[in-house]
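[1] Curious how this folds, go ahead:
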Amino acid sequence: MDTVTDQVCLAIRQRILRGAFPGGAFLQEQALADELRTSVAPVHEALVRLAADGWLELIPYRGARVIEWTREDSHEVFELRALLEAYAARRAATRIRPPQLTRLRAIVDEEKALVQQDGPPHERLSELNLEFHETILVAAGSRRLQRSLETVLHGATSTRSTYGLTRAAMDKALDEHAEIVDALANADGERASDLMQIHILSVARGQPDGRS
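    Numbering: from 1, shown residues only. Predicted coordinates:
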């Protein structure tokens, strides 16, 4: 069950993604506690957690400031992911285990079912997207690679990557997920690598202006 802090984190993330808390805005603990009808303690914990995840930066004596992501910032992250995750997919093709492939196919099936809904649940789609990419990264079997990708796969970067995409862009991204799984199942490292790079850069191009 989600804690109060988890609920506060979710509420703040959603407001940032919708633009209610724009980049550069300062968030005050008491004001947030009043708005969210909770005490200051879980709000403080949530702000610390969101700062660690890359949503906010904590400014002494001023509060928590929403990090402003430009389109250039977003594309830089996607380019880095495209390089590293393509390598991860190539390694994973000869190392992935049947249970991991089964889980990847289940993720794709759930993602496709969710995007058929009116107002698909963004938080759940983001969780599944992260799990998809992390499963491949784990299958690659490189701790050094995992550490290199950890900061760009978690927190603000991952959640923002699936927010605001059109239905057509989401459908295309999920078709690409399925193709990547097929390449991994066939132990085709070159194809898995190429598809992963194409997929990540395709999602980057699908990002709406001014959002990452």
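[2] Using the record's assignment, carve the protein into domains.
    4-66, 71-205 (automatic domain parsing).
[3] got those as a markdown table, with mean pLDDT columns?
    Listed next are the domains of the chain as a markdown table, based on pLDDT from 0 to 100:
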| stretch | mean pLDDT |
| --- | --- |
| domain 4-66 | 90 |
| domain 71-205 | 89 |
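[4] Now render those domains as CSV, adding mean neighbour count.
    The C-beta positions use only the backbone N, C-alpha and C, and glycine is treated the same way. What follows is the domains of the chain, written out as CSV (neighbours: other Cβ atoms under 10 Å):
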stretch, mean neighbour count
domain 4-66, 16
domain 71-205, 17
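[5] what about stretch 24-42, how long is it end to end?
    22 Å (Cα to Cα, to the nearest Å).
[6] What of stretch 132-146?
    Stretch 132-146 end-to-end distance (Cα to Cα) = 14 Å.
[7] so where do the helices sit in the protein?
    4-18, 29-36, 40-52, 71-92, 98-115, 122-140, 143-153, 155-161, 167-185, 189-205 (DSSP state H).
[8] Give me the contact list for the fifth one.
    Meaning helix 98-115. The contact list for helix 98-115 (Cβ atoms under 8 Å, 6 or more residues apart in numbering) reads 120-121, 124-125, 128-129, 131-132, 135-136, 138-139, 167, 170-171, 174, 177-178, 181, 184-185.
[9] and with 10 Å instead?
    For helix 98-115, contacts defined as Cβ atoms under 10 Å, 6 or more residues apart in numbering pick out 92, 96-97, 120-122, 124-125, 127-133, 135-136, 138-139, 162, 165, 167, 170-171, 173-182, 184-185.
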